[in-house]
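Peer 1: Here is my input; please provide its structure:
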Amino acid sequence: MSSNSPDIKSVPTNIITGFLGVGKTSAILHLLKSKPDNERWAVLVNEFGEIGIDGALVQGQRTEEQGVFIREVPGGCMCCAAGLPMQIALNQLLAKAKPDRVLIEPTGLGHPKEVLQVLSAEYYQDALSIHKTLTLVDARKLTDPRYTEHETFNQQIAIGDLIIGNKQDLYNDEDKARLANYVEKIGQAHAEVLYTQQGEIEFSLLDGSTKGFSFASKSHHHHHHHHDSKPLAADLPIPDQGFLFAQNEGEGFQSAGWRFSPDKLFNYQKLFALLTGLCAERMKAVFITDEGVVGYNLTSDALTEIQLDDCLESRIEVISDKIDVSLEAQLLTCLSD
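Peer 2: Okay, here's the model as predicted:
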């Protein structure tokens, strides 16, 4: 089925972007709580690492029976290779869900300009109605040159119709003013700045057309060091040893991820102690433990966990400027005897 099927017409579509750890997935989960019961929503999630965690985190809380359809594109920026990975995933998602709304979450190291270019192609003009791009920003990071000098961080702000200062409960007095000034300097003239915490975004903010098309440049080159000809680790069978490792790098960061076969049961207490002490820019995971299925989310602020209904297998993805080579051995020591 093609994306321009008569069944799919002018579906409201939003990009929800932002840098690593800013709370994009939390924002999407909050928005899904506002989904009308009679609507079907499609969520396209792109991840920097090859393993893919967000799909399992969302599906563990919202199911297709509840009208929520998830499709992941792991392994780096989905707009690479002329947007082909994104087009394939989006077309499959549209065909399956026949949605009333589409939410697209690029990786925190991804390029929203290119995502917007793919969506603006003639192929999707009848099927999709491109609404506002929402950019989440942690205003505290504006004092850190690792962010303000990072091209992707600035592009995310520059393309946003609505800039949302998330985690405002952790800001000091200067942070809000600093974000407003930064958006005035590099953002679009029409961009509005709002503040929230824990990704709590009002459903009504999704409405309205984007003005970002004029900003989306036709030429932009970027580097991710995964290889299109190589199968992604998310799609490979798990070997007899019971786990699989994959890594990726680009945009100044590295990712390391592991998948464990479903029969591998983790000791909850050992696992929690390990993850609490983990030093990384970002970590997401779902684990089958002796105390149930648990989802984990580590940012620079804290480790959070949530009980999930189910997952197919245990997975973890870590993003940092340098990965601890001993992490695999530490994870294996957390397996139940």
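
Peer 1: Please report how far the residue lying closest to Asn38 once chain neighbours are set aside lies from Ala158.
Peer 2: Closest residue to Asn38 apart from its sequence neighbours, by CB to CB, 6 or more residues apart in numbering: Gly67 at 8.0 Å. The C-beta positions use only the backbone N, C-alpha and C, and glycine is treated the same way. Here Gly67 is placed at a distance of 34 Å from Ala158 (CB to CB, to the nearest Å).

Peer 1: go on, Lys132?
Peer 2: In terms of CB to CB, Lys132 sits 15 Å off from Ala158.

Peer 1: How is this protein partitioned into domains?
Peer 2: As given by automatic domain parsing, the domain ranges for the chain are 11-214, 242-332.

Peer 1: most tightly surrounded among the ones you listed?
Peer 2: domain 11-214 (a mean of 20; mean count of other CB atoms under 10 Å).

Peer 1: Leaving out the residues flanking it, which one is nearest to Ser209?
Peer 2: Per CB to CB, 6+ apart, closest to Ser209 is His131, 6.1 Å.

Peer 1: what sits against Ile201?
Peer 2: Ala27, His30, Leu31, Leu134, Ile164 (CB atoms under 8 Å, 6 or more residues apart in numbering).

Peer 1: same thing but at 6 Å, please
Peer 2: Neighbouring residues of Ile201 by CB atoms under 6 Å, 6 or more residues apart in numbering: Ala27, Leu31.

Peer 1: Could I get the phi/psi values of Arg140?
Peer 2: phi -60, psi -20 (degrees, to the nearest 10).

Peer 1: From Arg101, how far out is it?
Peer 2: Counting by CB to CB - Arg140 and Arg101 are separated by 31 Å.

Peer 1: wait, doesn't Gly295 sit right on Asp310?
Peer 2: No. Using CB atoms under 6 Å, Gly295 is not in contact with Asp310; the gap is 11.1 Å.

Peer 1: Could you identify the longest helix within this protein?
Peer 2: Ordering each helix of the chain by length in residues (DSSP state H) puts helix 84-97 first.

Peer 1: any chance of the domains of the chain in JSON lines, plus mean pLDDT?
Peer 2: Listed next are the domains of the chain as JSON lines, based on pLDDT from 0 to 100:
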{"stretch": "domain 11-214", "mean pLDDT": "89"}
{"stretch": "domain 242-332", "mean pLDDT": "92"}
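
Peer 1: Kindly export the longest helix of the chain (C-alpha atoms) in CSV.
Peer 2: Output in CSV follows, covering the C-alpha atoms of helix 84-97 (Å, rounded to 0.1, in the frame of the first residue of the first chain):
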residue,chain,number,x,y,z
LEU,A,84,15.2,5.9,2.5
PRO,A,85,15.1,4.2,5.9
MET,A,86,12.6,6.8,7.1
GLN,A,87,10.4,6.5,4.0
ILE,A,88,10.3,2.7,4.3
ALA,A,89,9.4,2.8,8.0
LEU,A,90,6.9,5.6,7.6
ASN,A,91,5.1,3.9,4.7
GLN,A,92,4.9,0.6,6.6
LEU,A,93,3.6,2.5,9.7
LEU,A,94,1.0,4.4,7.7
ALA,A,95,-0.2,1.2,5.9
LYS,A,96,-0.6,-0.7,9.2
ALA,A,97,-2.0,2.0,11.4
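
Peer 1: same for that helix, what does it pack against?
Peer 2: strand 41-46, strand 68-73 (3 or more CB pairs under 6 Å, 6 or more residues apart in numbering; DSSP states H and E).

Peer 1: could those go into TSV alongside distance to Glu317?
Peer 2: Listed next are those as TSV, based on distance: least, CB to CB, whole Å:
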stretch	distance to Glu317
strand 41-46	12
strand 68-73	11
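
Peer 1: Out of those strands, flag the one nearest Tyr182.
Peer 2: Of all the helices and strands packed on helix 84-97, strand 41-46 sits nearest to Tyr182, with 24.7 Å by CB to CB.

Peer 1: List the contacts of stretch 55-75.
Peer 2: 32, 40-47, 50, 52, 85, 89, 93, 97, 226, 232, 234, 286, 295, 308-309, 311.

Peer 1: Dump that stretch to CSV, keeping only the CA atoms.
Peer 2: Extracted C-alpha coordinates of stretch 55-75, given in CSV (Å, rounded to 0.1, in the frame of the first residue of the first chain):
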residue,chain,number,x,y,z
GLY,A,55,9.7,1.2,21.0
ALA,A,56,9.8,-1.3,23.8
LEU,A,57,9.4,1.4,26.4
VAL,A,58,6.3,2.9,24.7
GLN,A,59,4.8,-0.5,23.8
GLY,A,60,5.2,-1.6,27.4
GLN,A,61,2.7,1.2,28.3
ARG,A,62,0.6,1.8,25.2
THR,A,63,-0.5,-1.1,22.9
GLU,A,64,-2.0,-1.4,19.4
GLU,A,65,-5.2,-2.5,21.0
GLN,A,66,-5.3,1.0,22.6
GLY,A,67,-4.8,2.6,19.1
VAL,A,68,-1.1,3.3,19.4
PHE,A,69,1.2,2.0,16.7
ILE,A,70,5.0,2.2,17.0
ARG,A,71,7.8,1.8,14.4
GLU,A,72,11.5,2.1,15.2
VAL,A,73,14.4,3.1,13.0
PRO,A,74,17.6,2.3,14.9
GLY,A,75,21.2,2.7,13.8
